[in-house]
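Undergrad: Show me the folded form of this:
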Amino acid sequence: MRTVDAAGLSIGDEHPPRIMGVLNVSKESPYDPSVFDDPGEAAAYVDEELIGEGADVVDVGLESANKRFEVLSAEGELDRLETAVETLESTSGDAVWSIETRYHEVAEAALDAGFEMVNDICGFADPEMPAVCAEYDVAVSKMASPPDLERPGAIEDVDDIYDALERNGFTDKTIVDPAFGGWSESKTTEDDRETFDRLREFRGHGRPILVSINRKNFLRQVAGRDTEGALPVSLAATSMAVERGAHVVRTHDVAETRDAALVGYEFRRERARDPDRGVEVLDVTTDREFGRHLARIGAEDDDGDRDPSVSTHVVEVRLPEPSTTALARAGRAVGLGVYLGEGLLLAGTATEFEALIAEIAGGPTPAVEAAGSAYDGLGGV
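TA: Numbering: from 1, shown residues only. So this is what the prediction gives:
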């Protein structure tokens, strides 16, 4: 996992989670507390409510990407950039300033005016965007999106999201964003739930991950809350996202999100790394995640066509005799760890559990059925 330097702010596994506070200069943006058209008022908000409460990055939106609104042209965004620049120049706090845009000419103008990072919500749909970010040597968050400047983020299938992030490549300082939220009519809360469930999989890109989950519908739906009441579910999800490997959390609620992110960071999985010896222990919990890492380095599985299966799964089985003995014997034969006590624990890879099905065939029916059920129940297969 590489570390990205964003204007002196290090983003990666070896650094605390970074909080990206949101400022909008777009009157159509739906979250009123973050919307300003007066640079002085906006600067006060940034100093007091964003940087003052712990934001490491200030992300300025020039327009709402909500599907209900018309998309601004590059010229339309440039017309609003002056307010953003005046706000930047009027603040006294210390943070990295990010411009949210899909257009390379807007990014270039913002960078010339003092911005230090780009948040591309169309995922390099503008083919000139990577070159601009590379030329200015700035960090860029690349959101999963179709190659269409007219409508970002309309991707449902998680496999397609992963591929969309790779489209048009990466710069040396790219951060990936799997794109949560209702960006299109076809994007559902179930799609967001699956993306969140598989968040660790995006570590397969080998780059820091940004998540924007604050008060999103898929979280509100869990607790039956409206936007106003959705902060608690957002904070719970923030801790989970950081524990699963997210590095930047974009939010309107800076102070609370910072605390939740630090809790997730404190109890995260150990990700040992020894750069002097070229060693990194990958954070792999499912076979799909391992497959992403294989693809990243251009390697193939043993025989080239079976799913990679390296994750160790533990399954508890409780059966009467002779089924327990038969299942334990078959488990040992295929290389599973077998632990007998008040019940039976089997531990091993998905491939070994698959082999157990063949090994136990012809044995006691409860044991055969248990082996099949165990394999079917493994996550990530």
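Undergrad: Now that we're looking at residue 378, what pLDDT does it have?
TA: You'll see residue 378 listed with a pLDDT of 78.
Undergrad: And residue 308, by the same measure?
TA: Residue 308 is given a pLDDT of 51.
Undergrad: The chain should start at 34 in everything you say after this.
TA: Shifting the count to begin at 34 puts that one at residue 341.
Undergrad: hey, where'd the strands end up in the stretch 234-383 of the chain?
TA: Along the stretch 234-383 of the chain, the segments classed as strands by DSSP state E, counting those that start in this stretch run 243-244, 281-284, 306-307, 312-313, 346-350, 370-374, 376-381.
Undergrad: next one: the stretch 84-233 of the chain
TA: 90-94, 129-134, 150-153, 172-176, 207-210.
Undergrad: circling back to that earlier point, save the strands of the stretch 234-383 of the chain as a markdown table, and put in mean neighbour count too.
TA: The C-beta positions use only the backbone N, C-alpha and C, and glycine is treated the same way. Putting these into a markdown table (neighbours: other Cβ atoms under 10 Å) gives the following:
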| stretch | mean neighbour count |
| --- | --- |
| strand 243-244 | 28 |
| strand 281-284 | 28 |
| strand 306-307 | 12 |
| strand 312-313 | 12 |
| strand 346-350 | 16 |
| strand 370-374 | 12 |
| strand 376-381 | 18 |
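Undergrad: By mean pLDDT, show me the worst of the ones you listed.
TA: Among these, strand 306-307 has the lowest mean pLDDT, at a mean of 81.
Undergrad: Pairing partners for that one, with directions?
TA: Using DSSP bridges, the strands paired with strand 306-307 in its sheet are strand 312-313 (antiparallel).
Undergrad: re earlier: TSV for the strands of the stretch 84-233 of the chain, including distance to residue 103?
TA: Putting the strands of the stretch 84-233 of the chain into TSV (distance: least, Cβ to Cβ, whole Å) gives the following:
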stretch	distance to residue 103
strand 90-94	15
strand 129-134	16
strand 150-153	20
strand 172-176	20
strand 207-210	23
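Undergrad: Figure out which of those strands is closest to residue 231.
TA: strand 207-210 (13.3 Å; Cβ to Cβ).
Undergrad: Quick one: list the elements packing against that closest one.
TA: strand 172-176, strand 243-244 (3 or more Cβ pairs under 8 Å, 6 or more residues apart in numbering; DSSP states H and E).
Undergrad: change it to 7 Å
TA: Counting contacts by 3 or more Cβ pairs under 7 Å, 6 or more residues apart in numbering; DSSP states H and E, strand 207-210 packs against strand 172-176.
Undergrad: Run the chain-centre distance for the strand it packs on.
TA: 12 Å (Cα atoms, centre = their mean, to the nearest Å).
Undergrad: What pairs with that strand, parallel or antiparallel?
TA: In the sheet, strand 172-176 lines up with strand 150-153 (parallel), strand 207-210 (parallel) (DSSP bridges).
Undergrad: Would you tell me which one of those is buried the most?
TA: strand 150-153 (a mean of 28; mean count of other Cβ atoms under 10 Å).
Undergrad: Run through this structure and note the low-pLDDT ranges.
TA: Applying pLDDT under 70 to the chain flags residues 60-67, 98-102, 187, 217, 333-344, 412-414.
Undergrad: what about the helices in it?
TA: For the chain, the helices defined by DSSP state H occupy 72-78, 107-123, 137-145, 162-169, 191-199, 222-230, 250-256, 264-276, 287-299, 320-330, 356-366, 383-393, 398-409.
Undergrad: Show the contacting residues for residue 370.
TA: By Cβ atoms under 7 Å, 6 or more residues apart in numbering, the contact set of residue 370 is 379, 380, 381.
Undergrad: right, I mislabeled it, should have said residue 107
TA: 136, 138, 139.
Undergrad: Give me the nearest residue to the second one, chain neighbours excluded.
TA: Counting by Cβ to Cβ, 6 or more residues apart in numbering, residue 107 is the residue found nearest to residue 138 once chain neighbours are left out, at 5.3 Å.
Undergrad: How is the chain divided into domains?
TA: For the chain, automatic domain parsing gives the domain ranges 37-302, 323-409.
Undergrad: which residues touch residue 169?
TA: residue 144.
Undergrad: sorry, back to before: okay if I get the strands of the stretch 234-383 of the chain as TSV plus distance to residue 274?
TA: Compiled in TSV, the strands of the stretch 234-383 of the chain are given as follows (distance: least, Cβ to Cβ, whole Å):
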stretch	distance to residue 274
strand 243-244	5
strand 281-284	7
strand 306-307	21
strand 312-313	21
strand 346-350	23
strand 370-374	31
strand 376-381	28
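Undergrad: To residue 400, which of the ones you listed lies closest?
TA: Between the strands of the stretch 234-383 of the chain, strand 346-350 lies closest to residue 400; by Cβ to Cβ that is 8.5 Å.
Undergrad: Check which helices and strands the closest one is in contact with.
TA: Partner elements for strand 346-350 (3+ Cβ pairs under 7 Å, 6+ apart): strand 376-381, helix 398-409.
Undergrad: Mind doing that once more with 8 Å?
TA: Using 3+ Cβ pairs under 8 Å, 6+ apart, strand 346-350 sits against strand 376-381, helix 383-393, helix 398-409.
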